[in-house]
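Student: just the structure for this:
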Amino acid sequence: MKLNLKNKIAAQQYDVVSFFDKKSKKGNEHYTANYGEGKFLFSSLQNQQKFEANPEKYIPQYGGFCAIAMSEDKEADPNPKSWELRDGKLYFFTRMLFGIIDAKRQWVKDPIAKRALADKAWEKRK
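Tutor: You can find the predicted model right below:
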């Protein structure tokens with residue numbers, strides 16, 4: 001699986017499990033798990049263990065690239081403070097125009113159509 005990595009670390013160093021608790025927490029080097037070509041960081045041992053038990057549940061969609069950019073057949077780094085859980089899946093979004101406009105606004109207008117476009121673009125990259 002392709003992942004959006006920076007220095008081999010996924011999810012912009014955020015704890016992907018924390019989003020499922022409706023929070024966004026930075027991970028740290030004390031709690032890590034390797035998956036695919038990257039390393040995930042966690043804020044606690046409990047979250048690391050949850051991830052290790054079922055990584056596919058927690059991996060952000062489109063490898064952690066911005067969902068809106070992927071719907072336009074592009075790859076863009078997200079801002080992990082802009083995210084959504086939909087149908088049990090984690091989606092990240094980028095902020096555009098100097099961080100003022102959030103790409104998530106485009107997504108929520110028609111998430112089914114946007115997801116279909118993003119899924120199609122993602123399949124080409126896998």
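
Student: please report how far the residue nearest to residue 114 when sequence neighbours are not counted lies from residue 14.
Tutor: Excluding its sequence neighbours, the residue lying closest to residue 114 (CB to CB, 6 or more residues apart in numbering) is residue 71, at 4.5 Å. Any C-beta I mention is one placed from the backbone N, CA and C, and that applies to glycine too. As judged by CB to CB, to the nearest Å, residue 71 and residue 14 stand 22 Å apart.

Student: ramachandran angles for residue 75?
Tutor: Main-chain dihedrals, residue 75, degrees, to the nearest 10: phi -110, psi 130.

Student: I'd say it and residue 64 touch.
Tutor: No: taking CB atoms under 8 Å as the definition, residue 75 is not a contact partner of residue 64, at 10.0 Å.

Student: which one's more surrounded, the two?
Tutor: residue 64 (26 against 16; other CB atoms under 10 Å).

Student: burial of the closest residue to that one other than its chain neighbours, as a residue count?
Tutor: Leaving out its chain neighbours, the residue that sits closest to residue 64 by CB to CB, 6+ apart is residue 4, at 3.9 Å. If you count neighbours by other CB under 10 Å, residue 4 ends up with 20.
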